[in-house]
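> would you be able to build a 3D model of this:
(2 chains)
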Amino acid sequence: DTEVTQTPKHLVMGMTNKKSLKCEQHMGHRAMYWYKQKAKKPPELMFVYSYEKLSINESVPSRFSPECPNSSLLNLHLHALQPEDSALYLCASSQGLGQLNIQYFGAGTRLSVL
Amino acid sequence: QKEVEQNSGPLSVPEGAIASLNCTYSDRGSQSFFWYRQYSGKSPELIMSIYSNGDKEDGRFTAQLNKASQYVSLLIRDSQPSDSATYLCAVENQGGKLIFGQGTELSVKP
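Numbering: from 1, shown residues only, chains lettered A, B, ... in the order given. The predicted structure follows:
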């Protein structure tokens, strides 16, 4: 089973709203990732957690706030987003960090910011 | 020079033909190479991983890696309309990050 579950599938929010995206995996993976993908572009890495600690932050604006409550869960808290933040947000997980680790992606959350 | 380069396409092949997708990368220290398939509006799905020079076959898919030339390719034999998608080449760099190419859009015509 290589399932990564993301909720919600779709989200529409205003620029003053606060919302959260959720990601869950039960494969025992110790690394989890958030990516952002715009139309016709490849996924762009946002954050990496390894053993529940933030390992990489790709200079993402503070209106995006990640959280890893435990080894199976990853959240992305959203606040005061801009319309240009509308995108497909992908969560991925892998056994560990570094080379030879395969990343498995969830189905994504399609976010629209009005 | 981009870290991972792919022909953007679109690449159009007739049903039953071989589709050939190519990718070059710049980080000589990379050890892990992946091909993901992404249907429109969906998330990337892993179809092949390759770590050693040579060929790796899985059903109708063959991945080829040449580290000396910094080149990785994907061949799809007996292409089907259901193979129509964007194919993303991904290379794990020495920092452990997965770097994606821009993707090649493949269209298989019945």
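
> ok and the residue in chain A nearest chain B?
residue A:42 (3.5 Å; Cβ to the nearest Cβ). (C-beta placed from N, C-alpha, C; glycine too.)

> OK, contacts around that residue?
For residue A:42, the contact set (Cβ atoms under 8 Å, 6 or more residues apart in numbering or on different chains) comprises B:88, B:100, B:101, B:102, B:103.

> pLDDT wise, what is it at?
Looking at residue A:42, its pLDDT is 96.

> chain neighbours aside, what residue packs nearest to it?
Nearest residue to residue A:42, sequence neighbours excluded (Cβ to Cβ, 6 or more residues apart in numbering or on different chains): residue B:100, at 3.5 Å.

> the one you found is in contact with residue B:88, isn't it?
Yes: between residue B:100 and residue B:88 there is a contact under Cβ atoms under 8 Å: 5.3 Å.

> which neighbours do those two share?
Between them, residue B:100 and residue B:88 share these contacting residues under Cβ under 8 Å, 6+ apart: A:42, A:43, B:36.

> show me what the residue nearest the centre of chain A is bridged to.
Most central in chain A under Cα atoms, centre = their mean is residue A:34, positioned 2.9 Å from the mean C-alpha point. Going by DSSP bridges, residue A:34 is paired in beta bridges with residue A:47, residue A:91.

> residue B:106 contacts residue B:81, doesn't it?
No: counting by Cβ under 8 Å, residue B:106 does not reach residue B:81; the two are 10.5 Å apart.

> of the two, who's got more company?
Neighbours were counted for residue B:106 and for residue B:81 using other Cβ atoms under 10 Å in any protein chain shown; residue B:106 has more, 22 against 10.

> mind listing what the more buried one touches?
Taking Cβ under 8 Å, 6+ apart as the test, what residue B:106 contacts is B:9-13, B:19, B:21, B:76, B:79, B:83-87.

> once you drop chain neighbours, what's closest to it?
That would be residue B:11: by Cβ to Cβ, 6+ apart, it lies 5.1 Å from residue B:106.
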